[in-house]
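Q: A predicted structure for the sequence below; I have some questions about it.
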Amino acid sequence: MDAEALGEAKAARKLVFHRVAENLHRLETSGSYYALIKRGDKQFRRSLKTKDRKLADRRLVELRAQVGNLTIGDDACLSFEQVAERWKAATQHGLKPSTVLRRETCVRNLTPFFKGVTVRHIQPQHCERWLTARGAKMAPQTMVHKIDTMRLVFDYAVRIGLMPANPAKDFKRCKIIAKPIEVPHTRAVQETQ
């Protein structure tokens, strides 16, 4: 490929955004709306996943509120494991020892899937990666405990301003189906007597 063709290919791939309102931009090629919000030294760019202006305005207000609640500072770089430890310390006083042990085990098993990513940058796809890699291998009750623990840790991170939204909020708990109890037939019981 010559230099001229390469330049044309780059120009064709360049995304062109038009400023529509404060913090609101529209992508020229698709017509979708995007938010661009600055807080502290950080810039938050998010797709609002709509082509409707009124819906984009409402979603922009929600995103501004989420970004406005974020903590700016040293806590912004905490890992999942560090946030889980803080969450455990803040909540374990009201739990039974067996529950605390179960939560610790869940955190220990979840941590490798979020290694190297600050809690602020954890996205739903990180959680989905855990679900696809481990979900089929777990018993339903174990899966429920791990999903609940993950949600609780992320809810805590949202509450203290470390992340804008819980990336695991849409995960469904698997249904736990109790095994039917087999009752011996009365005829078989009478024959044995």
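A: Thanks, I have the structure now.
Q: and residue 25, helix, strand or coil?
A: Under DSSP: H, G, I helix; E, B strand; the rest coil, the three-state class of residue 25 is strand.
Q: Who are the contact partners of residue 32?
A: When the contact criterion is CB atoms under 8 Å, 6 or more residues apart in numbering, the partners of residue 32 are 26, 47-51. For glycine as for every other residue, the C-beta is placed from the backbone atoms N, C-alpha and C.
Q: Go through those residues and give me the one with the most neighbours.
A: For the contacts of residue 32, the largest neighbour count, defined by other CB atoms under 10 Å, is 21 neighbours, found at residue 48.
Q: Would you confirm that that residue contacts residue 62?
A: No: shown here, residue 48 and residue 62 do not form a contact pair, counting by CB atoms under 8 Å, at 9.4 Å.
Q: Could you report the pLDDT at the residue nearest the centre of the chain?
A: Within the chain, the residue whose C-alpha comes closest to the C-alpha centroid is residue 167; the distance, by CA atoms, centre = their mean, is 1.4 Å. On the pLDDT scale, residue 167 is placed at 90.
Q: again, but for the one 3 residues further on
A: pLDDT recorded at residue 170 is 82.
Q: Give me the below-cutoff pLDDT ranges for the chain.
A: Within the chain, the stretches falling below the threshold (pLDDT under 70) are 1-13, 72-75, 173-179, 184-193.
Q: mind saving the C-alpha coords of the lengthiest helix in it as CSV?
A: In terms of residue count, the longest helix belonging to the chain (DSSP state H) is helix 140-159. Extracted C-alpha coordinates of helix 140-159, given in CSV (Å, rounded to 0.1, in the frame of the first residue of the first chain):
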residue,chain,number,x,y,z
PRO,A,140,-25.6,-23.1,41.4
GLN,A,141,-25.3,-22.2,45.1
THR,A,142,-21.6,-21.4,44.8
MET,A,143,-22.4,-19.2,41.8
VAL,A,144,-25.0,-17.3,43.7
HIS,A,145,-22.6,-16.6,46.5
LYS,A,146,-19.9,-15.3,44.1
ILE,A,147,-22.3,-13.1,42.1
ASP,A,148,-23.7,-11.7,45.3
THR,A,149,-20.2,-11.0,46.7
MET,A,150,-19.2,-9.4,43.4
ARG,A,151,-22.2,-7.1,43.4
LEU,A,152,-21.8,-6.2,47.0
VAL,A,153,-18.1,-5.2,46.5
PHE,A,154,-19.0,-3.1,43.4
ASP,A,155,-22.0,-1.5,45.2
TYR,A,156,-19.6,-0.5,48.0
ALA,A,157,-17.1,0.9,45.4
VAL,A,158,-20.0,3.0,43.9
ARG,A,159,-21.1,4.1,47.3
